[in-house]
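**Student:** give me a model of this one.
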Amino acid sequence: MFDNICKFLAENFSTDFATWLLGEPISLTELSPSELSLEPIRADALILLESAEVVLHLEFQTQPDANIPFRMIDYRLRVYRRFPQKQMRQVVIYLKETSSELVQQNTFTIAGTRHEFEVVRLWEQPTEVLLRYPGLFPFAVLGQTDDRASTLQQVAQEIIGIPDQRLQNNVAAATAILAGLVLEKGLIQRVLRRDNMRESVIYQEIEAEAQAKGRAEGRAEGLQEGIRQVAVNLLKSQMPLQEVTKLTGLSIEDVQLLQTEIEDRST
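**Tutor:** Prediction:
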């Protein structure tokens with residue numbers, strides 16, 4: 001979920017991210033991993049944005065990942081193979097505070113090779129910087145603050161000032177989801193208007209995914225219940241437990257439990 005939110009923000013507010021990370025409001029467009037010569041590694045966590053001169057590679061992480069340095073050099077070489085003339089800035093953005101040394105790593109080193117990339121630990125970023133641009137509002141509560149609840153209130157006031165209602169709803173929904181990393185759901189819902197968030201593309205996508213997951217789980221539960229009923233019928237016909245296990249795919253423990261339930265009901 002967090003990968004999707006960060007990807008949405010980076011792609012829809014690319015100029016805000018460019019201003020923050022590159023120091024100038026460059027217009028960036030999405031670069032599909034399929035344009036590179038190899039399949040992407042964990043494409044859901046990968047965001048590539050490009051202009052005529054530069055490629056901005058972003059990786060958002062909620063947890064430390066020992067594979068990050070390798071991913072950085074791997075994608076640097078892939079992009080160089082495709083766009084040897086373009087500069088590349090690579091930034092790993094850690095969302096949630098941790099004491100892990102992995103979030104300090106900004107190099108990939110093996111014998112004869114050293115590659116450097118940038119690391120942003122959001123909890124060290126001043127909130128006033130993140131509150132300068134609408135695309136960064138959702139990260140402010142994860143920034144450097146002694147009072148996250150108060151910061152969320154400040155973000156909510158900034159969101160109200162966004163003139164475009166659809167944009168306002170999307171930023172509010174993204175803020176609510178990311179704030180869930182550090183604040184309780186009840187507080188978030190009190191500060192951010194849920195009725196507005198329900199109109200956002202982000203909220204609707206999450207709701208659709210939840211519904212699809214629920215339907216899939218329902219189908220899986222129905223299938224499992226059907227298999228159990230077949231096993232019960234086979235056991236009632238006096239079929240040996242091992243045969244029931246073989247035919248239904250249930251474990252011997254599950255079949256034995258069903259046999260016990262049948263015997264209990266018959267007494």
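**Student:** quick one, helices of this structure?
**Tutor:** Ranges of helices within the chain are 2-12, 14-22, 68-82, 127-130, 148-160, 165-179, 185-191, 194-197, 201-236, 241-248, 252-266, based on DSSP state H.
**Student:** where's the closest residue to Thr145 other than its chain neighbours relative to Ile68, distance?
**Tutor:** Nearest non-adjacent residue to Thr145, counting by CB to CB, 6 or more residues apart in numbering: Thr151, 4.6 Å away. All C-beta spots, glycine's among them, are computed from the backbone N, C-alpha and C. The gap separating Thr151 from Ile68 is 27 Å, by CB to CB, to the nearest Å.
**Student:** again, but for Val232
**Tutor:** The value you get for Val232 to Ile68, if CB to CB is used, is 51 Å.
**Student:** repeat that for Ser51.
**Tutor:** The gap separating Ser51 from Ile68 is 24 Å, by CB to CB.
**Student:** higher neighbour count, these two?
**Tutor:** Each of Ser51 and Ile68 has its neighbours counted (other CB atoms under 10 Å); Ile68 has more, 20 against 17.
**Student:** number of residues surrounding the closest residue to that one other than its chain neighbours?
**Tutor:** Of all residues not flanking Ile68 in the chain, Val92 sits nearest, at 5.7 Å (CB to CB, 6+ apart). Residues lying near Val92 (other CB under 10 Å) number 23.
**Student:** what do you get for Glu97?
**Tutor:** 15.
**Student:** for Gln153, give me its contacts.
**Tutor:** Val191 (CB atoms under 8 Å, 6 or more residues apart in numbering).
**Student:** at 10 Å what do you get?
**Tutor:** Neighbouring residues of Gln153 by CB atoms under 10 Å, 6 or more residues apart in numbering: Val141, Asp147, Leu187, Arg190, Val191, Leu192.
**Student:** cool, and Gln259?
**Tutor:** Gln259 makes contacts with Ala231, Val232, Leu235, Lys236, Leu241, Val244, as judged by CB under 10 Å, 6+ apart.
**Student:** are any of those buried, and if so which?
**Tutor:** Neighbour counting by 16 or more other CB atoms under 10 Å classes Ala231, Val232, Leu235, Leu241, Val244 among the contacts of Gln259 as buried.
**Student:** identify the residue spatially nearest to the second one, adjacent ones excluded.
**Tutor:** Spelled out, that is Val232. Per CB to CB, 6+ apart, closest to Val232 is Leu258, 5.7 Å.
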